[in-house]
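Trainee: Turn this into a model:
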Amino acid sequence: MHNGQIGNFHLIRRQLEASLSDELYDVRRGTTDSELLFLLLLQNGLVTQPKQAIERVFSILENVQLSTNQPNRLTCVLSDGANLYAFRHSCDRKSPTLYLSKQSNTTQQVIASEPLDGNVQNWIAMPEDQFIFVLNGKTKMEPFKLSKQLS
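Mentor: Okay, the predicted model is just below:
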């Protein structure tokens, strides 16, 4: 799940696509920033080091962007089939929302862009620039190591 946008995507798309391996470029079917973001994450180690892959992609985006008049605003939830990974990040601290369900009497955890039951009391709003991971039913959060400090 990707909610948001890569700033100035239309200006940097070709450069980002060129950084993909031939194997990943060949599986690209669409033209969205969401698909390219996912492929960039795979290219940079999503399968084995998800947090570091996300940090590398943030750095790549910062390095290729021509201006900041359109900020990156990225909220993502990813899964490998057993674990959940999620993050919010933006250049201007206005990324789309992300919520984590409060622990209940079950071991299931839900991550959603909005409270699914309409009751904010049942949800925790996730902060920006945190890597959230749910492994074996346990939720952890770690801050990202960003190359540029956000103001």
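Trainee: Show me which positions of the longest helix along the chain end up buried.
Mentor: Secondary structure assigned by DSSP state H gives helix 50-64 as the longest helix of the chain. The neighbour-count check on helix 50-64 (16 or more other Cβ atoms under 10 Å) flags P50, K51, A53, I54, E55, R56, V57, F58, I60, L61, V64 as buried. From N, CA and C alone the C-beta is placed, and that goes for glycine too.
Trainee: Which secondary structure state does G4 sit in?
Mentor: Per DSSP: H, G, I helix; E, B strand; the rest coil, the local secondary structure of G4 is strand.
Trainee: these two touch, right, it and R73?
Mentor: Yes: taking Cβ atoms under 8 Å as the definition, G4 is a contact partner of R73 at 4.1 Å.
Trainee: between those two, what contacts are shared?
Mentor: S90, S95, P96 (Cβ atoms under 8 Å, 6 or more residues apart in numbering).
Trainee: Tell me the buried residues within the residues you listed.
Mentor: For the shared contacts of G4 and R73, buried by 16+ other Cβ under 10 Å: S90, S95, P96.
Trainee: Quick one: the helices in the chain, in order.
Mentor: Under DSSP H, the chain gives helices at 9-18, 22-27, 33-43, 50-64.
Trainee: And the average pLDDT for the last one is what?
Mentor: When you say that, I think you mean helix 50-64. Model confidence over helix 50-64, given as mean pLDDT, is 93.
Trainee: got the angle for it vs helix 33-43?
Mentor: For helix 50-64 against helix 33-43, the angle by axes from the mean of the first three to the mean of the last three Cα atoms, to 10 degrees is 120 degrees.
Trainee: can you give me the angle helix 50-64 makes with helix 9-18?
Mentor: Using the same axes, to 10 degrees: helix 50-64 against helix 9-18 is 120 degrees.
Trainee: As CSV, the helices of the chain with distance to I111 would be great.
Mentor: Shown next, in CSV, are those (distance: least, Cβ to Cβ, whole Å):
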stretch, distance to I111
helix 9-18, 25
helix 22-27, 25
helix 33-43, 17
helix 50-64, 14
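Trainee: of those, which approaches L116 most closely?
Mentor: When these are compared by Cβ to Cβ, helix 33-43 sits nearest L116, at 21.1 Å.
Trainee: Can you name every helix or strand that that closest one contacts?
Mentor: strand 2-5, helix 9-18, helix 22-27, helix 50-64, strand 73-79 (3 or more Cβ pairs under 8 Å, 6 or more residues apart in numbering; DSSP states H and E).
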